[in-house]
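Trainee: Got a predicted structure plus its sequence, pasted below:
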Amino acid sequence: MNELVNVNERRPFWAPFSDFDDLFEGFFSPRRVSRNVEGALVPAIDVTEGDNEYKIKAEIPGVKKEDLHVSVQDGMLTINAESRYEDEEKKEGRVIRQERRYGKFVRSMRLGKDVDSSNVKAEYKDGILELTLPKVEEVKPKKISIDIS
């Protein structure tokens, strides 16, 4: 999994202050979720490694479980989700500020050869998707003693 590559994390060419913003770790950008080139939201993730597995935690706020899909195909893990705009009737007042994002979430990453992709487990609670990716059993070389006569 050391080869974990994010194929959707490309910066748009029109983001003139992105390097400056990176210097201040997103201080000038209030959102915690960025957009990829196609316009889909890219959820923030944490990846940790244990002795027998990798864990990926992805922030996917405002998404119902039935609107969340995780798949592995040809060594590529893909998370697809969609949060829908809450169509509320406003009786009084007007919207002053709206920072919550609605739309499609997509995140893809290549898995390493040491991941057992057929046994990936997923749990979704409180806007956090937690994936458990078990490692494959390593083939350990056997030592065979040969008697010398």
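Mentor: Everything's here; your move. Numbers count the residues shown, from 1 in each chain.

Trainee: Can you give me the distance of the residue nearest to Thr132 when sequence neighbours are not counted to Leu129?
Mentor: With sequence-adjacent residues excluded and distances taken as C-beta to C-beta, 6 or more residues apart in numbering, Thr132 is closest to Lys121, at 4.5 Å. C-betas here are computed from N, CA, C, even on glycine. Using C-beta to C-beta, to the nearest Å, one obtains 11 Å as the distance from Lys121 to Leu129.

Trainee: from memory Phe105 sits against Ile60, does it?
Mentor: Yes - counting by C-beta atoms under 8 Å, Phe105 touches Ile60, with 5.6 Å between them.

Trainee: So those two - more neighbours on which side?
Mentor: Phe105 (25 against 22; other C-beta atoms under 10 Å).

Trainee: how about the nearest residue to the more buried one once chain neighbours are set aside, what does it touch?
Mentor: In space, and not counting its chain neighbours, Phe105 is closest to Ala81: 4.1 Å by C-beta to C-beta, 6+ apart. Applying C-beta atoms under 8 Å, 6 or more residues apart in numbering to Ala81 gives the contacts 43, 60, 63, 67-69, 104-105, 129.

Trainee: The helix or strand Ala81 falls within pairs with which strands, parallel or anti?
Mentor: Element membership for Ala81, per DSSP states H and E: strand 76-83. Pairing partners of strand 76-83, with direction, according to DSSP bridges: strand 68-73 (antiparallel), strand 103-110 (antiparallel).

Trainee: Tell me which residues of the first one come out buried.
Mentor: Right, the one you point to is strand 68-73. Neighbour-count burial for strand 68-73 flags 68, 70 (criterion: 16 or more other C-beta atoms under 10 Å).

Trainee: what's next to that strand, contact-wise?
Mentor: So strand 68-73 is contacted by 60, 77-81, 111, 117, 120, 122, 124, 129, 131 (C-beta under 8 Å, 6+ apart).
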